[in-house]
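**Q** sharing a model that was predicted from the sequence below.
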Amino acid sequence: MKVQIGLSGGAEHHGSGAGSRPSGLRCSTARIRLTAIVLAVAAVVSVLGPLPASAVVVDAGSGSSRAAGEGWMPVSGTVRGRTTSGTVPIPGATISFYDGAYPVDSGWSGADGAFTMSAHRGQHHVKVEVPTRWASQWYGGAVLQEDSTMVTVLDGYGLEGLKSLDFVLEPRGSLSGSLVGERGNTNVSGTATAFVKSASTGKWTAAATARIEKPHYSFDNLAPASYRIGYTFYAKFSNEFWPKARTVGTARTITIDPGEAVEDVDSVLTQTHLTVSRIGGRDRFEVAAKLSHYFPATAGGAVLIANGLGYADALAAGAAGALRSAPLLLVTPTGIPQSTRTELKRLAPSRIIIIGGTASVSAGVEAELQGYGGYVSRLSGADRYGTSRDVARWATRSTHRLYLATGLGFADALSAGPIAGLLGSPLVLVNGASTTADPATRQVMKDLGAAHLSVVGGAGAMNPGIAHSLHASTTTVYGGADRYETSRLVNGILGADTAFLAVGDNFPDALSAGPASNQISAGIYLVHHECIPQATMDMIDDKGITNIVLLGGEAALSSRVAELARC
């Protein structure tokens, strides 16, 4: 089975396997009989109302049966394909109901393109996939899940506002090309990503991925749309977008019509050349102000303010700033350093949010911040954990995934913040020594609708009982033997060409790096004062990272780190 997984959470399956129509339904006569039974049940429902709790609904698509009233409801519809002369039924299509990024119910269309299946009550995104010929589609004709029309399965037999869940698929298109090095090197491996501009967010969002295999790549299931293509390499070459662009915003658009095959989308790749720079200053406040320069002047957005003499509030603020694209500036409990004042004037924020209570940032500082033009508010809890929960609720109203890290130390949360923000998830601090999650953490998970957890930190930092007690649908643990390995594990998903390096045994210079690194999709890698762990440098090489930014002066990261000394 060949599987192509897009960054947006959708998956495209080709060939046989778990996603294909069960062999037990190959008999067309049996399918017709099952469909007839379900249609008969539907006729009864239309006259008599919803089925009683004891009634059994036969799932003609999947071949299974479930009792109505147990949380599943019958749903019917059709899958057809568009041709030059009209539409034709599509047999063997897989219809999947999604809860967030994951399919929870599936059915299959019959020979006439019709399906009847069982689905959980509630709201879902629905996707149709076909092994060959037809392009995958989200309900509403969308290429991306986030642009699709939400479907509500009601108590009883039916869909809210719909009599039937009907799809018309377009013939699938394809796009292919070859990539070679500037010196003729064809030993190219990595991932090609097809991006589509989201109608709901306006951002270019990953719709499909394909392997780059020495040196060819091919997308063979593209819906009609306008695409931009990006390339991420495991080593040797600089990541880029076609043709020779550094960002998706400056890439060229390729339009795929129904059934069109676009070939020779080729590129000559640039070999990687590592450059090292440093963001330093007289103190942590000046470093934070310089990191804020990743955000444009007079942007008019939000600015976060936290106490720079401790790490607890700033860790939560950094993750939220990464998610909301808001810079983080540091103050003392009783004053605003000059570097922070200068940067506030440059940013001209419309809103200033203080993170932490008056013990962290005094009422006097709050009053003084009101002189910088923005509306000033405060997010604070009874302790660092309560503050992190309040900040998470401010950062997003809902999320499929929640990141957890211990608030008893800074290292794991420092690495986790940028990744959480990049993926649209908040970071919540917990007491990693506890044997179970506290009720307030359970409540914030429920409030945000987070079904999935990412736990950052090994068993020594995060007691496994915390995640176990939250009963998430899935739990991913990024736990290394030490903070340096945990940092590498968290950053494993990134394909950016820039890496921030921060000293792993102290926090000040990297506190404000989360929002800044998110602006360029860069991760924060923890290193030693005098050298870079060999495994971390190997990861940087393998990812084809070309720019290394040291956070802090030589008191934090020595000149040997700038020379990329390994240990």
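**A** Received it, and whenever you're ready, just let me know what you need. Residues are numbered from 1 along each chain as shown.
**Q** show me the contacts for the residue nearest the centre of the chain.
**A** Centroid-nearest residue in the chain: L423, 3.1 Å away (criterion: Cα atoms, centre = their mean). By Cβ atoms under 8 Å, 6 or more residues apart in numbering, the contact set of L423 is R401. C-beta: built from backbone N, CA, C; applies to glycine.
**Q** check the gap between it and A416 for me.
**A** 11 Å (Cβ to Cβ, to the nearest Å).
**Q** shaky segments in the stretch 1-150 of the chain?
**A** Scanning the stretch 1-150 of the chain for pLDDT under 70 picks out 1-70.
**Q** for the host helix or strand of P74, which positions count as buried?
**A** In this assignment (DSSP states H and E), P74 forms part of strand 72-83. Using 16 or more other Cβ atoms under 10 Å as the test for burial, strand 72-83 gives W72, M73, P74, V75, S76, G77, T78, V79, R80, G81, R82.
**Q** next, the spatially closest residue to the fifth one that is not a sequence neighbour: secondary structure please.
**A** So that's S76. The spatially closest residue to S76, leaving aside those adjacent along the chain, is T116, at 4.4 Å (Cβ to Cβ, 6 or more residues apart in numbering). Three-state call for T116 (DSSP: H, G, I helix; E, B strand; the rest coil): strand.
**Q** now do K345
**A** With three-state DSSP as the basis, K345 sits in helix.
**Q** G371 is in contact with that one, correct?
**A** No - using Cβ atoms under 8 Å as the test, K345 is too far from G371 to be in contact (10.3 Å).
**Q** quick one: T247 and F241 touch, right?
**A** Yes - counting by Cβ under 8 Å, F241 is a contact partner of T247 at 6.6 Å.
**Q** if you count surrounding residues, which of these two has more?
**A** Comparing T247 with F241 by other Cβ atoms under 10 Å, the one with more neighbours is F241, at 21 against 13.
**Q** got a list of what the closest residue to A395 other than its chain neighbours touches?
**A** Leaving aside its sequence neighbours, A395 sits nearest to A320 (Cβ to Cβ, 6+ apart; 4.0 Å). For A320, the contacting residues are L304, A326, I355, V391, A392, W394, A395, G421, P426, L427, by Cβ under 8 Å, 6+ apart.
**Q** from these, which ones fall inside helices?
**A** V391, A392, W394, A395, G421 (DSSP state H).
**Q** what's the farthest-apart pair in those?
**A** Greatest spatial distance among the ones in helices among the contacts of A320 (Cβ to Cβ): W394 and G421, at 13.0 Å.
**Q** list the residues that contact both of these two?
**A** Joint contacts of W394 and G421 (Cβ under 8 Å, 6+ apart) are A320, R324.
**Q** S176 reaches E213, doesn't it?
**A** No - using Cβ under 8 Å, S176 makes no contact with E213, being 11.4 Å away.
**Q** the two - which one has more neighbours?
**A** Of the pair S176 and E213, S176 is the one with more neighbours under other Cβ under 10 Å, namely 17 against 11.
**Q** any buried residues in the helix or strand hosting that one, and which?
**A** Following DSSP H and E, one finds S176 within strand 173-181. Neighbour counts over strand 173-181 (16+ other Cβ under 10 Å) mark G173, L175, S176, G177, S178, L179, V180, G181 as buried.
**Q** which pLDDT value belongs to the third one?
**A** The score at S176 is 98. That number is its pLDDT.
**Q** separation between it and A225?
**A** Taking Cβ to Cβ, one finds S176 at 17 Å from A225.
**Q** tell me where the stretch 301-450 of the chain has helices.
**A** 312-324, 338-347, 363-369, 384-395, 411-422, 439-447 (DSSP state H, counting those that start in this stretch).
**Q** who touches the nearest residue to P426 once chain neighbours are set aside in this structure?
**A** In space, and not counting its chain neighbours, P426 is closest to A392: 3.6 Å by Cβ to Cβ, 6+ apart. The contact partners of A392, by Cβ under 8 Å, 6+ apart, come to A316, A320, L402, P426, L427, V428, V444, L448.
**Q** quick one: which of those residues is most hemmed in?
**A** A316 (35 neighbours).
**Q** surely it and Y385 touch.
**A** No - the criterion here is Cβ under 8 Å, and A316 misses it with Y385 at 9.1 Å.
**Q** residue ranges with poor pLDDT in the protein?
**A** 1-70, 156-157, 183, 234-235, 271-272, 298-299.
**Q** let me see the domain layout of it.
**A** Taking automatic domain parsing as the reference, the chain has its domains at 2-169, 173-269, 275-562.
**Q** hang on, the earlier thing: of the buried residues of strand 173-181, closest to A516?
**A** If you rank the buried residues of strand 173-181 by distance to A516 using Cβ to Cβ, L179 comes first, at 30.7 Å.
**Q** for the closest one, give the beta-bridge partners.
**A** Beta-bridge pairing for L179 (DSSP bridges): S267.
**Q** isn't it right next to K214, touching?
**A** No - counting by Cβ under 8 Å, L179 stays clear of K214, with 9.3 Å between them.
**Q** and for those two, which residues touch both?
**A** Contact with both L179 and K214 is made by residues V188, according to Cβ under 8 Å, 6+ apart.
**Q** off-centre distance for stretch 556-564?
**A** Between the centre of stretch 556-564 and the centre of its chain there are 32 Å (Cα atoms, centre = their mean, to the nearest Å).
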